[in-house]
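Chemist: sharing a sequence plus its predicted fold:
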Amino acid sequence: MRIVISNQSELPIYAQIKEQIKEQILNGLINEGTVLPSIRQLAKELGVSVITTTRAYNELESEGFISSVQGKGSIVRKRDNNVIREQYLKKIEQGLESAIATAELINMPEEELRDMFEILMKER
Amino acid sequence: MNALEVNGLTKRYKGFTLENINFTIPAGYIMGYVGRNGAGKTTTLGLITHQIKSDSGSIKINGMEYKENPERYKEMIGYIQDICYYPGDFNLLDIKGIMKDFYQTFEEEKFMEYVNKWKLPEKKKIKDFSKGMQVRLMFAGILARDTKLLILDEATNGLDPVVKQEILEILQEYIQDGDRSVIFSTHILNDLEQIADYIFFLHEGKQVMYDTKDEILEKYILVKGGLEDLNEYMEKNLIGLKKTSVGFEGILESDKSIHLSKNCVVEKPAIDQIIVSYIKHKEG
């Protein structure tokens, strides 16, 4: 597992931890059944507070990526394809939204944006 | 279980009152007790260690008040300050001898483990130790016994960054099992901010802010902009507003950000910035 915390990031630290673990689960870099380091151990290794790592793990759990097993720690769950698809859809949506917002900044007409999208798709 | 519970703690002096302080540190967590010099930090810590008697309120360490079992109460506390409290003419072995007599739970082998780990000289007088070595010695004396609450009173003052980093690691190791906690007082939060779970902010003897660090960081944003971006609403709501001829800067509660002009720059503030703005605000 690889986690790098940036103090310059827009994201709060708990979100950085969460997103990085999530990404590695989605990419298959962290396998199903992997036992993650304990909340306290991770806090110590990253030099962040226990509350921060607790929140990252809690959210990963509520989003279905890991489950806590009493006495065993946090284990990466079997990948549910729907959950993964949902995650990717969200990412695509965010990317498109950011493109639209950028287009608005220079008052680009919708038509032109659509054309650009189609050209890019064709060029692939 | 709570490592430390403080309820309605009050101490009156001529010209200064520490008033109605309330907070809890659950076992296994770290709290930063922050305030300017003279805010009442040392008074609070003196009350917790029972070197000062309170006028009212209660303090429980690991669920126990001082009067229930004074000896065990004191034994549960480890105390570190910026000036070494061991007699300067003693060497490390003298200290070991005293500690053994003084504390029931003191383990010589453990003490020597830390002495060796940190390469502390056995024959040198304490007063000839470097500041970093003195701090390590105080830690060795505490980690060799069974404590529940580690109190750091401005302990990182005047230490070099390498020793500060080492202290961070010691503190995180200390809470690793989840049954011991740390409270550190400081006027420079930067030093230990990154590992603090809770922040308590004291101003002129009164409790001003107390929450998890993450909650505080999320509750506020740092707003900057040109003077033309500053509307009436923001003038009223910005905390610690600082205006110059070319722009302004201030802290705002995140949920008030909908009133911001689009041209403003919004950043994540550091805890320091929030607290300094708060002080400026309070002092007008």
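Modeler: It's in.
Chemist: can you pull the residues of the stretch 51-200 of chain B lying near chain A?
Modeler: Applying Cβ under 8 Å from any Cβ of the partner chain, one finds that the stretch 51-200 of chain B approaches chain A through B:168-169, B:172-173, B:175-178, B:194-198. Glycine gets a C-beta too; all of them are placed from N, C-alpha and C.
Chemist: what subset of the residues you listed is buried?
Modeler: B:168, B:172, B:175, B:176, B:194, B:195, B:196, B:197, B:198 (16 or more other Cβ atoms under 10 Å in any protein chain shown).
Chemist: quick one: contacts for the fifth one?
Modeler: Read it as residue B:194. A:47, A:48, A:49, B:168 (Cβ atoms under 8 Å, 6 or more residues apart in numbering or on different chains).
Chemist: rerun that using 7 Å as the cut-off
Modeler: A:47, A:48 (Cβ atoms under 7 Å, 6 or more residues apart in numbering or on different chains).
Chemist: same check on residue B:263?
Modeler: B:225, B:226, B:229.
Chemist: please enumerate the helices of the chain.
Modeler: I'll assume chain A. For chain A, the helices defined by DSSP state H cover A:13-26, A:39-46, A:50-62, A:81-105, A:110-123.
Chemist: wait, chain B was what I had in mind.
Modeler: Under DSSP H, chain B gives helices at B:41-48, B:70-75, B:92-102, B:108-117, B:131-143, B:161-174, B:213-219, B:232-237, B:271-282.
Chemist: adding distance to residue A:4 and mean pLDDT, write those out as CSV.
Modeler: Listed next are the helices of chain B as CSV, based on distance: least, Cβ to Cβ, whole Å; pLDDT from 0 to 100:
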stretch, distance to residue A:4, mean pLDDT
helix B:41-48, 35, 96
helix B:70-75, 41, 94
helix B:92-102, 40, 93
helix B:108-117, 29, 96
helix B:131-143, 29, 94
helix B:161-174, 18, 92
helix B:213-219, 19, 92
helix B:232-237, 36, 87
helix B:271-282, 22, 87
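Chemist: save these as a markdown table, and put in distance to residue B:16 too.
Modeler: Formatted as a markdown table, the helices of chain B follow (distance: least, Cβ to Cβ, whole Å):
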| stretch | distance to residue B:16 |
| --- | --- |
| helix B:41-48 | 8 |
| helix B:70-75 | 26 |
| helix B:92-102 | 32 |
| helix B:108-117 | 38 |
| helix B:131-143 | 28 |
| helix B:161-174 | 30 |
| helix B:213-219 | 26 |
| helix B:232-237 | 31 |
| helix B:271-282 | 16 |
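Chemist: kindly report the domain assignment for the chain.
Modeler: Reading this off chain A. A:13-76, A:81-123 (automatic domain parsing).
Chemist: if you could check chain B rather than the one you did, that'd help
Modeler: B:2-76+B:147-204, B:87-145, B:219-282.
Chemist: what parts of chain A come near chain B?
Modeler: A:12, A:14, A:40, A:43, A:44, A:47, A:48, A:49, A:50, A:51, A:52, A:55 (Cβ under 7 Å from any Cβ of the partner chain).
Chemist: mean pLDDT lowest where, among the helices of chain A?
Modeler: Mean pLDDT values for the helices of chain A show the minimum at helix A:81-105, a mean of 87.
Chemist: give the buried residues for it.
Modeler: residue A:87.
Chemist: mind checking how far that helix is from the chain centre?
Modeler: 13 Å (Cα atoms, centre = their mean, to the nearest Å).
Chemist: then stretch B:141-153?
Modeler: Counting by Cα atoms, centre = their mean, stretch B:141-153 comes out at 14 Å from the chain centroid.
Chemist: so for that stretch, what gets flagged as buried?
Modeler: B:141, B:142, B:143, B:144, B:145, B:147, B:148, B:149, B:150, B:151, B:152, B:153.
Chemist: and the fourth one, how far is that from residue B:272?
Modeler: Okay, so that is residue B:144. 34 Å (Cβ to Cβ, to the nearest Å).
Chemist: thought residue B:176 was touching residue A:40?
Modeler: Yes. With contact defined as Cβ atoms under 7 Å, residue B:176 and residue A:40 form a contacting pair (5.5 Å).
Chemist: common neighbours of the two, please.
Modeler: With Cβ under 7 Å, 6+ apart, residue B:176 and residue A:40 have no common neighbours.
Chemist: how about the helices of chain B, which one is nearest residue A:18?
Modeler: helix B:213-219 (12.6 Å; Cβ to Cβ).
Chemist: quick one: contacts for the residue lying closest to residue A:78 once chain neighbours are set aside?
Modeler: Excluding the flanking residues, the one nearest residue A:78 by Cβ to Cβ, 6 or more residues apart in numbering or on different chains is residue A:32, at 5.0 Å. By Cβ under 7 Å, 6+ apart, residue A:32 lies in contact with A:76, A:77, A:78, A:79.
Chemist: of these, which is the most crowded?
Modeler: The residue in the contacts of residue A:32 with the most neighbours, by other Cβ atoms under 10 Å in any protein chain shown, is residue A:76 (20 neighbours).
Chemist: what's the closest non-adjacent residue to that one?
Modeler: residue A:34 (4.5 Å).
Chemist: next, count neighbours for residue 80.
Modeler: All of this refers to chain A. Residue A:80: 11 neighbours (other Cβ under 10 Å).
Chemist: let's do chain B instead
Modeler: 22.
Chemist: surely it and residue B:138 touch.
Modeler: Yes. Using Cβ under 7 Å, residue B:80 is in contact with residue B:138, at 4.9 Å.
Chemist: ok, residue 57 - contacts?
Modeler: Assuming you mean chain A. Per Cβ under 7 Å, 6+ apart, neighbours of residue A:57: A:39, A:66, A:74.
Chemist: try again with chain B
Modeler: B:7, B:8, B:9, B:10.
Chemist: just the buried residues from those residues, in PyMOL please.
Modeler: Restricted to buried positions by 16+ other Cβ under 10 Å, the PyMOL selection for those reads:
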select buried, chain B and resi 9
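Chemist: what separation do you get for the one residue sitting closest to the centre of chain A and chain B?
Modeler: For chain A, the residue nearest the mean C-alpha position is residue A:19 (3.2 Å; Cα atoms, centre = their mean). Distance, residue A:19 to chain B, by Cβ to the nearest Cβ, to the nearest Å: 16 Å.
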